[in-house]
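Student: fold the following, please.
(one chain, ligands or ions: 1)
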Amino acid sequence: MFPMKAIWPLLASNALILSQQHLIKSKKYSHLCRKNAQKFLSFFSNADGMTDSTQIPTNLDHHLFHPDASRAEALLKDCPVHAPTPMTEIDLLTEEVGISRLWLKDESDRMGLGSFKALGGAFAVARMIADKAGSEDFSSQATKNTAAEMVFITASAGNHGLSVAAGAKVFGAKAVIVLAAAVPESFANRIRAKSADVLRVDGSYDESVEVARQVARDKDWILLADGSWEGYIDRPALVMEGYCVIPEECRAAFAKLDVWPTHVYLQAGVGGLAAALSAHIRLNWAEQPEIIVVEPDAAPCLQRSVEAGRLTRVDGADSNMGRLDCKDASLIAFRALQQDADRFVTITDEEATAAVNTFARYGIATTPSGAAGLAAPTAASPGPDARCLLIVSEGPEGD
Ligand SMILES: Cc1ncc(COP(=O)(O)O)c(C=O)c1O
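Tutor: This is a model prediction of the structure:
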């Protein structure tokens, strides 16, 4: 269905293609960084330069996305750099955590991009090009011409931007990635190596989100955020659909083992990963685990939103879990997790660092964001009979 053998290798290509000049000067948007993020979000609700077909339903259909891996798997099937990521059992760690069995789904090398996010942004780019072109034949000149006119822009804590950049490169579109001051330069370099432009914002992650929205409006570019809000659902819904490949791979592995986890720990930033996995698990797994969402104590936006029964912004210091340090939850994720998750817990920076060190002792290199799932059962064991699944959501940051 997707004749992409020729173009897919670009996704994992390490060839360094130097960034073009920045298309825009961050100074122009610096005034936005001083504004209150929440005010901006309300002001621009429903105003992100797109027609959103999914208005918030008044009934309680809590899945505002398609929790099904089949379209993403169809796209990936001809991709030479795609393979299921390893799900490994670590016997020795069970004693340390005080549980019976422990599996790690290791996303640290997903498609050569270093994190699970490789599955989301790139899939959304492909879908949007196919939808606009009216064809899924990405090798046809007509589809290429359509793609060449599309410019995707997003703010990112790093990995989502890398995925959008890689997708844009593979499918022949352009990408501009807005990065907050705290995002390591190693991400900027990896994003530029995918031929995308990087726009640095001298401000927080929230402020980079504001800038991306404003630039998209000004330039008439396509905002492809991984978070969602009222009036902006369809595109992040595609991103989350791409993540569903992960729980489908886990489902197949557990079905083969004929044993299922009793507890699944999912670290969350805006909540896209946790919500996509939870929804897929609830709909497709033969045995249902307890699902625990893990957030930094500096940014428990999902926990607070679920407690309040509505999206609730949180304030807090910066966390060392950079990719999880989101003060606003995604609306799609909040709606899904309200019903699909069992518990929300927070962890400290020190606990996340300890989890990184624990993984390192077992030869697994990751970051505090990637290791956060381990910190929760380590802090409060679910009991000696528990069988836990954790996601190592990224590899090391690199230089
Ligand atoms: C490595 C890593 N883990 C977890 C997350 C959390 O994902 P989400 O923001 O969808 O909750 C992110 C988000 O960027 C991430 O990059």
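Student: go ahead and flag the most central residue of the protein.
Tutor: Lys117 (4.5 Å; Cα atoms, centre = their mean).
Student: show me the contacts for it.
Tutor: Arg110, Asn159, His160, Leu162, Ser163, Asp226, Glu394 (Cβ atoms under 8 Å, 6 or more residues apart in numbering). Every residue, glycine included, has its C-beta placed from N, CA and C.
Student: out of those, which sit inside strands?
Tutor: Counting by DSSP state E, no part of the contacts of Lys117 is found in strands.
Student: inside helices: which ones of the residues you listed?
Tutor: Taking DSSP state H as the definition of helices, the contacts of Lys117 contribute Asn159, His160, Leu162, Ser163.
Student: show me the domain layout of this protein.
Tutor: Following automatic domain parsing, one gets these domains for the chain: 9-42+121-225, 84-116+243-392.
Student: could I get those as TSV with distance to the ligand?
Tutor: Listed next are those as TSV, based on distance: least, Cβ to the nearest ligand atom, whole Å:
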stretch	distance to the ligand
domain 9-42+121-225	4
domain 84-116+243-392	3
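Student: as TSV, those domains with distance to Asp78, mean pLDDT and mean neighbour count would be great.
Tutor: Shown next, in TSV, are these (distance: least, Cβ to Cβ, whole Å; pLDDT from 0 to 100; neighbours: other Cβ atoms under 10 Å):
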stretch	distance to Asp78	mean pLDDT	mean neighbour count
domain 9-42+121-225	10	82	20
domain 84-116+243-392	13	97	21
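Student: related to what we said a few turns ago, what is the most widely separated pair among the contacts of Lys117?
Tutor: Across these, the longest distance by Cβ to Cβ is 15.1 Å; it joins Arg110 and Asp226.
Student: first vs last residue of stretch 377-386, how far apart are they?
Tutor: 10 Å (Cα to Cα, to the nearest Å).
Student: distance between it and the chain's centre?
Tutor: 26 Å (Cα atoms, centre = their mean, to the nearest Å).
Student: again, but for stretch 328-347
Tutor: With Cα atoms, centre = their mean, you get 14 Å for stretch 328-347.
Student: first to last residue in that stretch, what's the distance?
Tutor: With Cα to Cα as the measure, the ends of stretch 328-347 fall 17 Å from one another.
Student: what about the strands in the stretch 51-200 of the chain?
Tutor: 87-89, 101-106, 151-156, 174-180, 197-201 (DSSP state E, counting those that start in this stretch).
Student: ok, which of these comes nearest Thr367?
Tutor: Using Cβ to Cβ, the nearest of those to Thr367 is strand 101-106, at 13.2 Å.
Student: so which residues make contact with that closest one?
Tutor: 85-91, 93-94, 246, 249-250, 259, 261, 364, 387-392.
Student: try it again with 6 Å
Tutor: For strand 101-106, contacts defined as Cβ atoms under 6 Å, 6 or more residues apart in numbering pick out 85-90, 93-94, 250, 387-392.
Student: among those, which two are most distant?
Tutor: Thr85 and Thr94 (21.0 Å).
Student: could you point out which element follows the strand or helix carrying Arg335?
Tutor: Using DSSP states H and E, the element containing Arg335 is helix 331-340. With elements assigned by DSSP H and E, the helix or strand that comes after helix 331-340 is strand 343-347.
Student: in its sheet, what does that next one sit against?
Tutor: Next to strand 343-347 in the sheet, as set by DSSP bridges, lie strand 290-296 (parallel).
Student: and the very next helix or strand once past the partner strand, C-alpha only, in CSV?
Tutor: Using DSSP H and E, the next helix or strand after strand 290-296 towards the C-terminus is helix 301-308. C-alpha atoms of helix 301-308 as CSV (Å, rounded to 0.1, in the frame of the first residue of the first chain):
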residue,chain,number,x,y,z
CYS,A,301,-0.7,18.4,35.2
LEU,A,302,-2.6,15.2,34.6
GLN,A,303,-3.1,14.3,38.2
ARG,A,304,-4.4,17.8,39.0
SER,A,305,-6.6,17.9,36.0
VAL,A,306,-8.2,14.5,36.9
GLU,A,307,-8.6,15.6,40.5
ALA,A,308,-10.3,18.8,39.4
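Student: and helix 301-308, what does it pack against?
Tutor: helix 331-340 (3 or more Cβ pairs under 6 Å, 6 or more residues apart in numbering; DSSP states H and E).
Student: in the protein, where's the longest helix?
Tutor: Max-length helix for the chain by DSSP H is helix 205-219.
Student: what's the angle from it to strand 174-180?
Tutor: 150 degrees (axes from the mean of the first three to the mean of the last three Cα atoms, to 10 degrees).
Student: is it true that Ser393 touches Ser108?
Tutor: No - in this structure, Ser393 is not within contact of Ser108 by Cβ atoms under 6 Å, at 8.0 Å.
Student: host element of Ala352?
Tutor: With DSSP H and E as criterion, Ala352 is part of helix 349-361.
Student: what angle do that helix and strand 290-296 make?
Tutor: Using the same axes, to 10 degrees: helix 349-361 against strand 290-296 is 110 degrees.
Student: and the angle for helix 349-361 with strand 101-106?
Tutor: Using the same axes, to 10 degrees: helix 349-361 against strand 101-106 is 90 degrees.
Student: all numbers from here: first residue = 335
Tutor: That works, and once the first residue is 335, the last one we named lands at helix 683-695.
Student: now do the contacts for Ala467.
Tutor: Counting by Cβ under 6 Å, 6+ apart, Ala467 has contacts Thr477, Thr480.
Student: ok, Asp631 next?
Tutor: Thr680, Thr682.
Student: if I look at it, how far off is Ser703?
Tutor: Distance, Asp631 to Ser703, using Cβ to Cβ, to the nearest Å: 14 Å.
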